[in-house]
Each structure stands twice: as C-alpha cells, then as structure tokens.
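Student: kindly generate the corresponding structure for this input.
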Amino acid sequence: MPAETPPAGGELKIMQQESNASVETINAEMVQRNTKFT
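Tutor: Sure, this is the predicted structure:
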C-alpha cells in the first residue's frame, strides 16, 4: 500500500474535521453579522 493513500478510517476523520471546520466558520460569520446588527 503506498504511503500517500491513508486508510479509509483516516479519510473519514479528515472529512469530519473539514465539516467541523466549515460549521465553525459559519458560526463565526453569524456571530460577526449579529454584532454588526446590534
């Protein structure tokens, strides 16, 4: 198995990290909008 190819579990972990990061980004943007409106 080539070292570049991660196991399926590793790919799943990376996908979860990416989705968590995008959720955090959306939350941060909403907080910024809320502080602008108030």
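Student: alpha carbons only for contacts and neighbour counts from here, please
Tutor: Noted.
Student: which SSE is the residue most central in space within the chain in?
Tutor: Centroid-nearest residue in the chain, with C-alpha atoms, centre = their mean: Ala21, separated by 2.2 Å. Assessed by DSSP states H and E, Ala21 sits inside helix 8-37.
Student: pLDDT (mean, whole number) over that helix?
Tutor: Averaging pLDDT along helix 8-37 yields 84.
Student: what distance separates it from the centre of its chain?
Tutor: The chain centroid and the centroid of helix 8-37 are separated by 4 Å, computed with C-alpha atoms, centre = their mean, to the nearest Å.
Student: for the remainder of this discussion, apply numbering that starts at 58.
Tutor: Taking 58 as the first residue, the last one we looked at is helix 65-94.
Student: elements contacting that helix?
Tutor: Packing contacts for helix 65-94, counted by 3 or more C-alpha pairs under 8 Å, 6 or more residues apart in numbering; DSSP states H and E, involve no helix or strand.
Student: can you give me the buried ones in that helix?
Tutor: Judged by neighbour count using 16 or more other C-alpha atoms under 10 Å, helix 65-94 contains no buried positions.
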